[in-house]
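Participant: Structure for the following, please:
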Amino acid sequence: MTSLDDRLRAAIHAIADEPDVIVPPRPTVRVTRGSRLRRSVIPALAAIAVLVAVLVTALLPTSGGGPHRVAVPRDGALLPNEIAGLSLFTASISDAPLGQPAIAVLNQGDLGTRWGTRQVVVIGVDGRTYRRLDLAEQRGADGGDGEWADAQAVLSPDGRLVAIGDPRGGSTDIVVLNLITGERRDYPLAVPSVYLLLDWSPDGRSLALAVTPFGTRGEYASQVSDSAELTTLDLATGAFSTVVHALTSYPQNPCFTDDGRSIATSEYADRHSLVKIHPRDGGAVRTLPQLDGSWSLAGCDPDGSLLLSNFAENGKSLRLISAVNGTTLREIQFPYGVPEVLAWRSPTTPIIFVSSYDTGDGTGLILDAPFDGEITTLSTAESGFWSTLYGVDLADDLSTTIAATTAGPDRGPWPGWTRITAGAILVLIGGVVFLLLRRRRRRLLRR
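Facilitator: Numbering: from 1, shown residues only. Sure thing, here's the model as predicted:
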């Protein structure tokens, strides 16, 4: 055997005689009850704390909740060129006063319910601040067709105040709301009545209304009788003054004329139309020469003349007459019916509203309609889902310089119920995430 063989044999014996290498066992981590609590409960408590903070923040008043005192723009009041549709996220006047005069009051919606599918909305003079006139909605009633009908809302000439009616019988008051501050004043009626708000005086100090005593409270009674009293309310004193003790027909857009010293009314009988001028001081009533056909008042021109529309021709035929002697000043044919003028840009340019029902294409229009000149569109309103615009009122004094703006709507802070709902959804989502993470952690610990 060679020395090489001896060396190999010795090496094999050396390897065989080596002690076994003992591999130490993998250390085990003992999960105690305390560590499990720290890993699961503490993160959960942190998540819940964050969600509660979000919820509390949502419930606190926001900086946009108070009036921010926007003055009338230097170049005049603005109106959106496209009026935004109905939204449940529009703040109310009660929660967030407008903080500025309003240029318009809108009646929006198709479905008459108490759940916000029909709304009364005001737009500020900046053309972008929207607020729900919640008091007008709350003072509404179920109409004869079973659908909810909001109360009347009539804007003062300077846009600072809005008079709010009551469509139920047995009404006991008229409410006037300050849109800038949200303050309200109630004017009690002498006896429970049903009334119809008609017009503001040019100086904004008086309201004209038709009143019929009607004592049954709760019944929808938006229509005053044909023999209603024509009355004015002095906002400074709260005193009511009767101008006409019994109208001979249903009031058709009565309006102040003669610089607010008189009220014009129209009536139709025996295929003739009459226009009467009623002095507020109790002077003799003047009856203008009768008109052949079915004419009714559509508005009182700032220069003292009267605009009539022929409802037998769907209001498309207009006639401007003198309030002094009834002389026809001009005749105008209009492409749409004009039951009532919203305001006047000038004595020869009324501003009118044409509903989407009249246009036939689903778009409501607010138009500058000069007697001599081209009709131009000031604003449009698309009829979206539950968002049909069916009524508009403009601030008379601010409308002389009104212009369109493309600014989008500022609806103010979310209403309280939407913030509560959003907070509840966040808490729910946080709870679901916590349960999913907890289940995943348990699976990992079992491996």
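Participant: roughly how far apart are Val191 and Thr181?
Facilitator: 31 Å (Cβ to Cβ, to the nearest Å). Just so you know, the C-beta spots here come from the backbone N, C-alpha and C atoms, and that holds for glycine as well.
Participant: ok, those two, which is more surrounded?
Facilitator: Per other Cβ atoms under 10 Å, whichever of Val191 and Thr181 has more neighbours is Thr181, with 15 against 10.
Participant: pretty sure that one contacts Pro97?
Facilitator: Yes: the criterion here is Cβ atoms under 8 Å, and Thr181 meets it with Pro97 at 5.6 Å.
Participant: Mind listing residues that contact stretch 366-378?
Facilitator: Here stretch 366-378 makes contact (Cβ atoms under 8 Å, 6 or more residues apart in numbering) with 79, 81, 320, 330, 332, 334-335, 338, 342, 345-346, 348-354, 365, 379-381, 392, 402, 404.
Participant: burial measure for Glu340, as a count.
Facilitator: Applying other Cβ under 10 Å, we find 19 residues neighbouring Glu340.
Participant: Likewise for Asp410?
Facilitator: Counted with other Cβ under 10 Å, Asp410 comes out at 16.
Participant: so what's it bridging to?
Facilitator: Beta bridges link Asp410 to Thr129 when assigned by DSSP bridges.
Participant: can you pull the contacts of it?
Facilitator: Shown in contact with Asp410 (Cβ under 8 Å, 6+ apart): 128-130.
Participant: Please convert the buried members of those residues into ChimeraX selection syntax.
Facilitator: With 16 or more other Cβ atoms under 10 Å as the burial test, the buried ones among those are selected in ChimeraX as follows:
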select :128,129,130
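Participant: Same list, the contacts of Asp410, but as JSON lines with pLDDT please.
Facilitator: What follows is these, written out as JSON lines (pLDDT from 0 to 100):
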{"residue": "Arg128", "pLDDT": "97"}
{"residue": "Thr129", "pLDDT": "98"}
{"residue": "Tyr130", "pLDDT": "97"}
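Participant: So in that sheet, which strands flank the top strand by length along the chain, and in what orientation?
Facilitator: Using DSSP state E, we find that the single longest strand of the chain is strand 184-200. Looking at strand 184-200 with DSSP bridges, its partner strands are strand 171-178 (antiparallel), strand 206-213 (antiparallel).
Participant: out of these, deepest packed?
Facilitator: Neighbour counts (mean count of other Cβ atoms under 10 Å) averaged over each of the strands paired with strand 184-200 peak at strand 206-213, with a mean of 22.
Participant: okay, that one in CSV with CA atoms only?
Facilitator: Extracted C-alpha coordinates of strand 206-213, given in CSV (Å, rounded to 0.1, in the frame of the first residue of the first chain):
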residue,chain,number,x,y,z
SER,A,206,-94.8,98.7,0.5
LEU,A,207,-96.3,95.5,-0.8
ALA,A,208,-99.5,95.1,-2.8
LEU,A,209,-101.5,91.9,-2.2
ALA,A,210,-105.0,90.5,-2.8
VAL,A,211,-106.6,89.2,0.4
THR,A,212,-109.7,87.0,1.0
PRO,A,213,-110.8,86.1,4.6
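Participant: What are the contacting residues of it?
Facilitator: For strand 206-213, contacts defined as Cβ under 8 Å, 6+ apart pick out 154, 163, 174, 189, 191-201, 224-225, 227-235, 243, 247, 251, 254-256, 260, 263.
Participant: so which of the strands paired with strand 184-200 gets nearest Phe89?
Facilitator: strand 171-178 (21.7 Å; Cβ to Cβ).
Participant: mean confidence score for that closest one?
Facilitator: Strand 171-178 shows a mean pLDDT of 96.
Participant: contacts for it?
Facilitator: For strand 171-178, contacts defined as Cβ under 8 Å, 6+ apart pick out 93, 97, 133, 135, 139, 160-166, 183-189, 192-195, 197, 207, 209, 233, 235.
Participant: out of those, which are buried?
Facilitator: 93, 97, 133, 135, 139, 160-166, 187, 189, 192-195, 197, 207, 209, 233, 235.
Participant: what's the average pLDDT for stretch 376-394?
Facilitator: pLDDT averaged over stretch 376-394 gives 89.
Participant: immediately after the lowest-mean-pLDDT helix or strand in the chain, which helix or strand?
Facilitator: Least confident helix or strand of the chain, by mean pLDDT, DSSP states H and E, is helix 33-59 with a mean of 49. Counting by DSSP states H and E, the next helix or strand C-terminal to helix 33-59 is strand 78-80.
Participant: What helices and strands are in contact with that following strand?
Facilitator: strand 102-109, strand 376-382, strand 403-405 (3 or more Cβ pairs under 8 Å, 6 or more residues apart in numbering; DSSP states H and E).
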